[in-house]
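**Q** pasted the sequence and its predicted model underneath.
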Amino acid sequence: MALARIENLPSLKFEYFTIVLLITIDLVSKLMAENYLAFGESIGFIPFVDLLLVFNSGIAFSMLDFNNAFTSYGLLFLGIALVAYLHSMLRIEKVLLNRYALILILAGAIGNLIDRSMDGVVTDFLYFYIGNTSFFIFNLADAFISIGAVIFFGSELKKYLGSKAL
């Protein structure tokens, strides 16, 4: 059941270890993309996803990518505030599934913050498309955030709908 008792929740040490592990995987993947991919050159990877190195000064999936310092560093400071808030949520969250979702979101947010803090941009390299229709270019941190958000909102929706049935 998704509503785990507080005694069954993983320790913060385990959760922090998981966050650090996911951040490491994200940053290593970005470093490999920068070292082995040519900027703007698309390489087939798996169906619907190519490897395509770009640098994003905006937020997830290149939204707000105006390529200026105000946007880049403004998003950096906003991201730091968001990470602090999400961390406070993680410390008090009692639903196990929501804790896992917050771990994913925090790892992705911190991974992108670290990357952005280096030079004001985030490295994206996974290009998602179907046929001739392009959707977005993202990185593992974006995927962590998106998956975590879907899990979190799905859990909250299930909890909300369940309370309405009573």
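**A** Yep, it's here. Numbers count the residues shown, from 1 in each chain.
**Q** for the nearest residue to Asn139 once chain neighbours are set aside, grab phi and psi.
**A** Closest residue to Asn139 apart from its sequence neighbours, by Cβ to Cβ, 6 or more residues apart in numbering: Asp124 at 5.0 Å. C-beta coordinates here come from the backbone N, C-alpha and C atoms, glycine included. Phi and psi for Asp124, reported as degrees, to the nearest 10, are phi -120, psi 140.
**Q** same thing with the one 3 residues further on?
**A** Backbone dihedrals for Tyr127, given as degrees, to the nearest 10, come out at phi -100, psi 110.
**Q** how many neighbours does it have?
**A** Number of residues near Tyr127 (other Cβ atoms under 10 Å) recorded here: 20.
**Q** and the lowest-mean-pLDDT helix or strand in the chain, what other elements does it pack with?
**A** Least confident helix or strand, the chain: helix 69-92 with a mean of 86, by mean pLDDT, DSSP states H and E. Where contact means 3 or more Cβ pairs under 8 Å, 6 or more residues apart in numbering; DSSP states H and E, helix 69-92 is packed against helix 96-119.
**Q** what residues of the helix it packs on count as buried?
**A** Residues of helix 96-119 classed as buried: 96-113, 115-116 (neighbour count, 16 or more other Cβ atoms under 10 Å).
**Q** quick one: secondary structure of Tyr129?
**A** strand (DSSP: H, G, I helix; E, B strand; the rest coil).
**Q** ok, it - contacts?
**A** Applying Cβ atoms under 8 Å, 6 or more residues apart in numbering to Tyr129 gives the contacts 48-50, 135.
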